[in-house]
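A.B. asks: using only what follows, build the 3D model:
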Amino acid sequence: MNKNAQKECQKGWKERQYGYLTCENFVLYCRKPLAAKEDTGLTYTGYELLWFFFFYAFAGWVLEVVFATFTNKKLANRGFLNGPFCPVYGLGMCFLLVFFGGLLQNLFFLFVGSMVVTSLLELLTGRLLEKLYGRKWWDYSDYKYNYGGYVCLRFSLIWAAGAVVLMRWLNPFVAQVIRLIPPLVGRIVLAVLMVMLACDFLVTTKVAEKAGAQNTGIYRGCEPVYGQDGRRDSGADSKAYDKSVSAFA
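C.D. replies: Numbers count the residues shown, from 1 in each chain. You can find the predicted model right below:
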């Protein structure tokens, strides 16, 4: 790449017109500092936030599947949806990037803020799902310092530490890669993903309501099944799994 081409690339990036993803462009662009001002979380566009939402929703789903598979010694689909997304992770990261992006240089306050936000989001999501469908999708009752089984100190610390690592070191790199995607292609992909997510949500909601009416619940890895008395029915775990699978067949 000659000097004139390099200047054109640099000018294009400065104007946020990042062109196509090529090896030469990628190497040159990645020379920018990861903690650049434009990556503080204060200048992200709605387009970029949508990409962050889907990226971290997918990453969260992968994390949940790996954890459930390791815990139960068998492959298990985790999360509320049937597709490879856990929206709570995407929403949480987008919220943190928008409101705490300016704290990237202050790791202590970033950690505390991330802990508060992730804990509140987990608590509200857990209560909402239980109120809508009459069962818990996760339960921390066996952990110390938990609140209603929705949140616990151990996982709140884990979520906060993970959020700091993602925001401080990983997300700037993710943002750089997203900006190398041609805008038209990026918008088309996002539109397809949003339609898929909406359809998945509608189908999952209908199946969940049907399963709830039959008092079976929907099995998601290591979550227990609860009866009408609110107690765990360990004997119904495998039965609920079979019925939930047949409901999607």
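A.B. asks: all contacts plus neighbour counts: C-alpha atoms, from now on.
C.D. replies: Will do.
A.B. asks: and residue 153, what pLDDT?
C.D. replies: Looking at residue 153, its pLDDT reads 93.
A.B. asks: correction: residue 18
C.D. replies: pLDDT for residue 18: 40.
A.B. asks: quick thing: my sequence starts at 47, can you match it?
C.D. replies: Got it, first residue is 47 now, which makes that one residue 64.
A.B. asks: any weak-confidence spans in this structure?
C.D. replies: The model of the chain has pLDDT under 70 over residues 47-88, 125, 254-295.
A.B. asks: at 90 instead, please
C.D. replies: For the chain, applying pLDDT under 90 flags the ranges 47-90, 110-130, 145-152, 172, 174-185, 187-188, 194, 246-295.
A.B. asks: tell me which stretches of it form helices.
C.D. replies: Ranges of helices in the chain, per DSSP state H, are 49-60, 69-75, 92-118, 133-146, 153-179, 199-211, 217-225, 229-259, 283-294.
A.B. asks: these into CSV, with extra columns for mean neighbour count?
C.D. replies: Conversion of the helices of the chain to CSV gives the following (neighbours: other Cα atoms under 10 Å):
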stretch, mean neighbour count
helix 49-60, 13
helix 69-75, 13
helix 92-118, 18
helix 133-146, 20
helix 153-179, 17
helix 199-211, 18
helix 217-225, 18
helix 229-259, 14
helix 283-294, 15
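A.B. asks: relative to residue 126, which of those helices is closest?
C.D. replies: Proximity to residue 126 (Cα to Cα) singles out helix 229-259 among those, at 7.6 Å.
A.B. asks: from the contact counts, what lies against the closest one?
C.D. replies: For helix 229-259, the packing partners by 3 or more Cα pairs under 8 Å, 6 or more residues apart in numbering; DSSP states H and E come out as helix 92-118, helix 153-179, helix 283-294.
A.B. asks: so for residue 232, which of those helices sits nearest?
C.D. replies: Evaluated with Cα to Cα, these place helix 92-118 nearest to residue 232, the distance being 8.5 Å.
A.B. asks: angle of that closest one against helix 217-225?
C.D. replies: Between the axis of helix 92-118 and that of helix 217-225 there is an angle of 120 degrees, by axes from the mean of the first three to the mean of the last three Cα atoms, to 10 degrees.
A.B. asks: and the helices of the chain as TSV, adding distance to residue 127?
C.D. replies: Conversion of these to TSV gives the following (distance: least, Cα to Cα, whole Å):
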stretch	distance to residue 127
helix 49-60	37
helix 69-75	34
helix 92-118	10
helix 133-146	9
helix 153-179	12
helix 199-211	21
helix 217-225	24
helix 229-259	6
helix 283-294	12
